[in-house]
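Peer 1: Below are the sequence and a predicted model; questions follow.
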Amino acid sequence: MSATSASPAPLARRIYPMRATDAPVHRFAVLAPVGLAIVAVLGLTAFSTAGSLAVGAGIAAYTVGAIVFGAKLRRHHDHARLGLANAVTLLRLALVSSLVIPLVGLAPAPIAIIVVATISLSLDGVDGWLARRQGLSSRFGGSFDMEVDSVFALVLAALAVVVGGAPWIVLLLGLPRYLFFIAGAIWPWLYDPLPPRYSGKVVAVIQMITLIVLQLPGLPHALAIALTVGVLGALGWSFGRDIVWLWRRKA
């Protein structure tokens, strides 16, 4: 087959949704039940004190996420392979969904929460590297990773406050992405693409590490507030810089 006859395929895939029989969609559908099993196993072992209803909530959270991103995959993944990066992000979705279980069940399990959250955070740096290494970066992959990160931060913040008894100000650490999204609905130029910034990634990692530290039992409220205020300042600087850049670009 000549290069000319092969070239329209990626463009067509960007315009038209994939079929259920296409390889990426099929692989995603095969891997999704594995994530479901991970949520169930963690719910019945690490978070067993949360109760069956809470386990059901974690399974429901994962199922909704898998369905939503499965639909997005069909429209926005313009490669012939799913890629290891998206498989890793799907695993992270399962780990984050399992954290919904102690939140809904109001079940203190700080060690298990910290272990699961640390594994998820460690994998966060793997999926992007895999996508670049395999040459399979896509609009879908970037969105999938970002939304899992956003839910991860919100769930950890809620766990720290509702289950761990941290000050309510900690909840603000889980809201920046959603506040930015709401602002973008008012000012659409906030949705314009941003240049990659290493400093922004560093701030995001600091945010997640802080949220994991805040799961520690017996952490003094004064220290929790100090950590939260410091990270909120860093997030404000990072988001503020991006907003100024987008505003100047619009102007």
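Peer 2: Structure received.

Peer 1: And the helices in the stretch 151-251 of the chain, which stretches?
Peer 2: With helices called from DSSP state H, counting those that start in this stretch, the stretch 151-251 of the chain shows them at 176-186, 198-213, 221-250.

Peer 1: Can I get those in JSON lines including mean pLDDT and distance to Ile38?
Peer 2: (C-beta placed from N, C-alpha, C; glycine too.) Below are the helices of the stretch 151-251 of the chain laid out as JSON lines (pLDDT from 0 to 100; distance: least, Cβ to Cβ, whole Å):
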{"stretch": "helix 176-186", "mean pLDDT": "88", "distance to Ile38": "24"}
{"stretch": "helix 198-213", "mean pLDDT": "93", "distance to Ile38": "19"}
{"stretch": "helix 221-250", "mean pLDDT": "92", "distance to Ile38": "29"}
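
Peer 1: which of the ones you listed is buried the deepest?
Peer 2: Counting by mean count of other Cβ atoms under 10 Å, helix 198-213 has the highest mean neighbour count of the helices of the stretch 151-251 of the chain, with a mean of 17.

Peer 1: angle of that helix against helix 221-250?
Peer 2: 150 degrees (axes from the mean of the first three to the mean of the last three Cα atoms, to 10 degrees).

Peer 1: Tell me which other helices or strands helix 198-213 touches.
Peer 2: When contacts are defined as 3 or more Cβ pairs under 8 Å, 6 or more residues apart in numbering; DSSP states H and E, helix 198-213 packs onto helix 110-134, helix 139-158, helix 221-250.

Peer 1: To Ala37, which of the ones you listed lies closest?
Peer 2: Proximity to Ala37 (Cβ to Cβ) singles out helix 110-134 among the helices and strands packed on helix 198-213, at 15.0 Å.

Peer 1: I'd like the mean pLDDT over the closest one, please.
Peer 2: Taken as a whole, helix 110-134 has a mean pLDDT of 91.

Peer 1: same thing with stretch 42-58?
Peer 2: On average, stretch 42-58 scores 96.

Peer 1: Equivalent analysis for stretch 88-100, please.
Peer 2: 97.

Peer 1: just to revisit the earlier point, out of the helices of the stretch 151-251 of the chain, flag the one nearest Gly43.
Peer 2: Gly43 sits nearest to helix 198-213 of all those, at 20.0 Å, using Cβ to Cβ.

Peer 1: contacting residues for Phe181?
Peer 2: Listed by Cβ atoms under 8 Å, 6 or more residues apart in numbering, Phe181 has no contact partners.

Peer 1: Give me the distance between it and Leu91.
Peer 2: Distance of Phe181 to Leu91, given as Cβ to Cβ, to the nearest Å: 25 Å.

Peer 1: Equivalent analysis for Ile209, please.
Peer 2: With the distance defined as Cβ to Cβ, Ile209 ends up 20 Å from Leu91.

Peer 1: and if you look at Arg241?
Peer 2: To Leu91, Arg241 is 32 Å away according to Cβ to Cβ.

Peer 1: Flag every buried residue along whichever strand or helix holds Ala37.
Peer 2: Assigned by DSSP states H and E, Ala37 falls within helix 23-44. For helix 23-44, the neighbour count (16 or more other Cβ atoms under 10 Å) marks 24-25, 27-28, 31-32, 35-36, 38-40, 42-43 as buried.

Peer 1: Make JSON lines out of the helices and strands packed on helix 198-213 and add distance to Pro167.
Peer 2: Output for these, formatted as JSON lines (distance: least, Cβ to Cβ, whole Å):
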{"stretch": "helix 110-134", "distance to Pro167": "17"}
{"stretch": "helix 139-158", "distance to Pro167": "11"}
{"stretch": "helix 221-250", "distance to Pro167": "5"}
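
Peer 1: Among those helices, which comes closest to Val100?
Peer 2: helix 139-158 (6.2 Å).

Peer 1: centre of the chain versus the closest one, how much separation?
Peer 2: On the basis of Cα atoms, centre = their mean, to the nearest Å, helix 139-158 sits 2 Å off its chain's mean C-alpha point.
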